[in-house]
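Q: predicted model and sequence follow; I will ask about them next.
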Amino acid sequence: MKKLFLIIGAPGSGKTTDAELIAQKHSYITHYSTGDMFRAEIASGSERGAIIDSFVSKGNLVPIEIAIETIIIAIKNAPNDVVIIDGYPRSDEQMNALDKYLEQEVEVSLINVIEVTVSKEVACQRVLGRAADAKIVRSDDNVEIFNNRMKLYTDPLKSIQAFYTSKNILTKVNGERTIEVIVNEIDELIQSKI
Ligand SMILES: Nc1ncnc2c1ncn2[C@@H]1O[C@H](COP(=O)(O)OP(=O)(O)O)[C@@H](O)[C@H]1O
């Protein structure tokens, strides 16, 4: 039985950083970042990557068919029984598509959805600060695209919160603290549920 954890959060919330550090601490945890998976596909030069890039480069959501296929393949291919995916779901459509998949997939159970919360101001500072840091160059880290990514994150958020709260599997984590404190809190939550 694979135990799935989802981490959602605004652009710049640190969701990918937090998940990566937790997976590095435990060999039995596999982490996938939807953003990183899409950037890898883009970098591969594939036709699918070109389609994905036409959305990512504008900060728009990649089409549902590609998004759900990407995470189902990731879950199926995960070499470990504990899987963390950050960056999914980002819409009611994605949330419902995953729920439909999980209903018929007896080998995978969604254990918890962790929402890393940060204010828009903190998120913006981090993303634009990241853009100024030459080591991390991302074409979608500019004010206009950030605002679009932020809107696309916040628009479905209340509906996503309500859905997973109704299942009693939503946990909010304050993302405006040190990475170490946040990672330890999320790690303890995951450890308590596996
Ligand atoms: N679940 C998803 N559905 C559709 N598009 C996605 C998804 N996850 C990531 N993307 C695309 O990849 C881009 C980068 O995602 P990510 O690295 O997680 O950055 P962010 O911190 O802005 O969410 C997003 O702006 C979006 O274009």
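A: Structure received. Predicted model only: the values in this text are computed from it and were never measured.

Q: how about the residues of the chain near the ligand?
A: Counting by CB under 6 Å from any ligand atom, the residues of the chain lying close to the ligand are 11, 34-35, 38, 55-56, 59-62, 67, 87-88, 90, 94, 140, 149. For the C-beta atoms, the positions are set from N, CA and C on the backbone; glycine is no exception.

Q: so is residue 95 in a helix, a strand, or just coil?
A: Assigned by DSSP: H, G, I helix; E, B strand; the rest coil, the conformation of residue 95 is helix.

Q: check which helix or strand covers whatever residue of the chain ends up closest to the ligand.
A: With CB to the nearest ligand atom as the measure, the residue in the chain that lies nearest the ligand is residue 35; the distance is 2.1 Å. Using DSSP states H and E, residue 35 maps to helix 34-43.

Q: circling back: mind checking which of the residues of the chain next to the ligand are buried?
A: Taking 16 or more other CB atoms under 10 Å as the criterion, what is buried in these is 11, 34-35, 38, 56, 59, 61-62, 67, 87-88, 90, 94, 140, 149.

Q: is residue 81 in contact with residue 26, as I believe?
A: No: at 11.3 Å, residue 81 and residue 26 do not qualify as touching, with contact defined as CB atoms under 8 Å.

Q: any chance you could map the helices in the protein?
A: Using DSSP state H, the helices of the chain run over residues 15-25, 34-43, 47-56, 64-77, 92-104, 120-132, 143-154, 157-166, 179-193.

Q: quick one: pLDDT of residue 136?
A: In the predicted model, residue 136 carries a pLDDT score of 69.

Q: cool, residue 141 as well?
A: 80.

Q: what do you get for residue 132?
A: Note for residue 132: predicted pLDDT of 81.

Q: burial check on it, number of neighbours?
A: 8 (other CB atoms under 10 Å).

Q: what do you get for residue 49?
A: Residue 49 has 17 neighbouring residues, counting by other CB under 10 Å.

Q: any idea how far it lies from residue 40?
A: Residue 49 is 8 Å from residue 40, where distance means CB to CB, to the nearest Å.
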